[in-house]
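Peer 1: below: sequence and its predicted model.
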Amino acid sequence: MRSLHKSPATLIGVVLVLLACLPAFAEPINVLTVNENATGIYLPADHFNFTTGAAYTVVRNELLNPANFGPSGVISRSISLLTPVDVITPAALTDVDVVVLAPWMNITPVRRQHSVSFVQSGGGLLAARQSTTRATLQL
């Protein structure tokens, strides 16, 4: 598997293409993240929170930009950032369209299986990886 190391703009373009493949309904695209507990990282813990933290500002702003997602946007559905959960479970994935996994998340066998089942059922997965480690996400 080849990993891509691209700019935030390229990542946003990939996200736009992936989300465009979701069924076009009037409802917003529900995006779920896992509570970001960045223990051992020398930045404020909320820095890596997808819904509020500085680490995801560019991607979050592009997802919430009505020119990209919304009735008059490139994708006619808006984005709804759901309340982050502590653990990915089948119940937590109810009514979710896309799951965002943080770069440092420990992908346990149970998380992996929930993620695989979610994607196989038509859900989207955005998995950020640390480019310095060149780690790949094996699902």
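Peer 2: Yep, it's here.

Peer 1: any stretches of the chain with poor pLDDT?
Peer 2: Scanning the chain for pLDDT under 70 picks out 1-25, 36-46, 103-106, 128-139.

Peer 1: show me where it has strands.
Peer 2: Assigned by DSSP state E, the strands in the chain fall at 29-33, 79-81, 98-101, 124-127.

Peer 1: can you put those in a markdown table and add distance to residue 56?
Peer 2: C-betas here are computed from N, CA, C, even on glycine. As requested, the strands of the chain are exported to a markdown table (distance: least, Cβ to Cβ, whole Å):
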| stretch | distance to residue 56 |
| --- | --- |
| strand 29-33 | 9 |
| strand 79-81 | 10 |
| strand 98-101 | 8 |
| strand 124-127 | 10 |
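
Peer 1: tabulate those (CSV), appending distance to residue 55 and mean neighbour count.
Peer 2: Formatted as CSV, the strands of the chain follow (distance: least, Cβ to Cβ, whole Å; neighbours: other Cβ atoms under 10 Å):
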stretch, distance to residue 55, mean neighbour count
strand 29-33, 12, 21
strand 79-81, 15, 19
strand 98-101, 12, 22
strand 124-127, 14, 16
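
Peer 1: nearest to residue 51, of those?
Peer 2: strand 79-81 (4.8 Å; Cβ to Cβ).

Peer 1: identify the residues contacting that closest one?
Peer 2: Residues external to strand 79-81 that are found in contact with it (Cβ atoms under 8 Å, 6 or more residues apart in numbering): 28-31, 33, 50-51, 60, 63-64, 69.
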